[in-house]
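**Student:** test case, fold it:
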Amino acid sequence: MSTAKPGGVRVVFDTNIYISAFTYRRGLPLQAWRQAAEGRFVLLVSPAIMREIAKVLRRFRWQEHEIVRHLKLVAKIAQIVTPVIAVHAVSEDETDNRILECAVAGHADLVVSGDRHLLRLKSFEGIGIVRPVDLHRTLSA
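**Tutor:** Next up is the predicted model:
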């Protein structure tokens, strides 16, 4: 992990963390989401990540009003960043690059993911890529 910036650790959640927290309502992704809501760290999100959250929730057959409600909550809790540089580090899943773009643009310390393509990188431009359990350990230290 890079040195934390003033204002706390800066974190980007992969889409799968949001989906797990919003859909399964238990486990470390939900705990991470609650910690973000409590301001334990600075959560970063981009418009592309928000679009991906909506797309996946639609696949889960969520009602549109519930999707909008959750996206508004994300926008309220997270700092929205707009990446200006495209990243092409993950060829297997182009949407993973949107996570990395947000992390770079937002000067993140960590990306939290359950995605094997991202986790395989371990880090990207000095930004650690970790599982929810690792975020939990970082915040508990």
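
**Student:** give me the phi and psi for Gln79.
**Tutor:** The phi and psi torsions at Gln79 (degrees, to the nearest 10) take the values phi -90, psi 120.

**Student:** and it, how many neighbours does it have?
**Tutor:** 12 (other C-beta atoms under 10 Å). The way it works is simple: take the backbone N, C-alpha and C, and place the C-beta from them, glycine included.

**Student:** show me what contacts the nearest residue to it once chain neighbours are set aside?
**Tutor:** Counting by C-beta to C-beta, 6 or more residues apart in numbering, Leu44 is the residue found nearest to Gln79 once chain neighbours are left out, at 5.4 Å. By C-beta atoms under 8 Å, 6 or more residues apart in numbering, the residues touching Leu44 are 10-12, 78-81, 102-103, 106, 108.

**Student:** just the ones of the residues you listed in helices?
**Tutor:** 102-103 (DSSP state H).

**Student:** what would the contacts of Leu44 look like in a markdown table with pLDDT and distance to Leu119?
**Tutor:** Shown next, in a markdown table, are the contacts of Leu44 (pLDDT from 0 to 100; distance: C-beta to C-beta, whole Å):
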| residue | pLDDT | distance to Leu119 |
| --- | --- | --- |
| Arg10 | 97 | 19 |
| Val11 | 98 | 15 |
| Val12 | 98 | 14 |
| Ala78 | 98 | 21 |
| Gln79 | 98 | 24 |
| Ile80 | 98 | 25 |
| Val81 | 98 | 22 |
| Cys102 | 98 | 17 |
| Ala103 | 98 | 14 |
| Gly106 | 98 | 19 |
| Ala108 | 98 | 15 |
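
**Student:** buried among the contacts of Leu44? Make that a ChimeraX selection.
**Tutor:** Of the contacts of Leu44, the buried ones go into a single ChimeraX selection, burial set by 16 or more other C-beta atoms under 10 Å:
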select :10,11,12,78,81,102,103,106,108
